[in-house]
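Undergrad: Build me a model:
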Amino acid sequence: MSRGGYIVHASCKNRVKDNSIQYPAPDRQSAAGKVFVEALLVVVAGVAVAFAANQISPRGLALTRNYFPAENNHTATAAANANPAALSPAQLLAAQMRKNGLQLLDGGQAAKLFHDTRFKQNTVVFIDARDESHYREGHIPSAYEFDPYHPDKYFAAILPICRAAEQIVIYCNGGDCEDSETAAILLRDVGIANQKLFIYGGGITEWTNNGLLVEVGARNSGKLRGANK
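TA: Model prediction:
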C-alpha cells in the first residue's frame, strides 16, 4: 500500500501492534501479605503496651497467681475420687478423715502421746470405741471405754473428761473399722471441740503388732500383758 510516497507494509503494521507495551497487573497477594504483617505488628505492640501497664499499675493482675484455687482443689479431689486405686490405704484413710474434718494420727504419734507427761495428768486421754467385750479383752492402758452405738451408757463419765482434756485420741480395731470415726463425730456433735479430736488409724491392731502393752479387764485394772502373750 502506498501513502504519500511511502510504502507501508501490512506486516509492519501488525508488528507494531504486537509489540505494544503491556503493563502487569498489581500483585494482590503481595498487598494482602503486607496488610497482614502490619496488622500483626499492631497487635504485638498493643500486647506489649498492655503488659507494661499491668506491671506498673498497683491493681494489675499477678500473672503467677492462681485466681481459681477452689476450682483446682475440686479438680484434684475429683481426680482422686475417680482413681482411688492410685492411693494407698493410709492415704485413703487420711482423705476420709479430712473429708469429715477429723485429724489422723499414725502409730508413732499415738505412742508419743501415750508417753507424754500430760497422759498421766489426764489432759491427754485415749478412748476405745469398740464394744465392751472387745474392750475387756485388751485395750490401750488407761483408755476410756466408749461404745458409740450405746452412747447414753457412757456420756456421764466421758463428757467431763473430754471437756477438760487438751487432746483426745480415739481408736478402734484399725484398718477399715469406722467406729473411732463414728465416736469422734458423735462427741463433736455434743459439743467437744473438733481441734481436740484425733483418730488413731492403726487402732489396737497396730498397737499390739508394735509390741506395746495392753490392759485387760476394766480401766486401770493393773492387768497388763504384752502383745505376744
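Undergrad: quick one: low-confidence ranges for the chain?
TA: 1-33, 35, 37, 43-87, 89-90, 227-229 (pLDDT under 70).
Undergrad: the strands in it, which residues?
TA: Along the chain, counting by DSSP state E, strands occupy 2-3, 6-7, 103-105, 124-128, 144-145, 167-171, 197-200, 214-215, 224-225.
Undergrad: Tell me which residues are up against the third one.
TA: Surrounding strand 103-105, the residues in contact under the criterion Cβ atoms under 8 Å, 6 or more residues apart in numbering are 93-94, 97, 113, 169, 195, 197-201. Using the backbone N, CA and C atoms, a C-beta is placed for each residue, glycine as well.
Undergrad: of those, closest to residue 158?
TA: residue 197 (12.6 Å; Cβ to Cβ).
Undergrad: In the sheet, which residues pair with the closest one? Tell me.
TA: Note on residue 197: beta-bridge partners by DSSP bridges are residue 168.
Undergrad: Run through the helices of this protein in chain order.
TA: Along the chain, counting by DSSP state H, helices occupy 10-18, 28-56, 69-82, 89-99, 107-114, 117-120, 132-137, 155-164, 179-189, 203-209.
Undergrad: Could you identify the most distant pair in the contacts of strand 103-105?
TA: Pairwise over those, using Cβ to Cβ, the maximum falls at 93 and 195, 19.5 Å.
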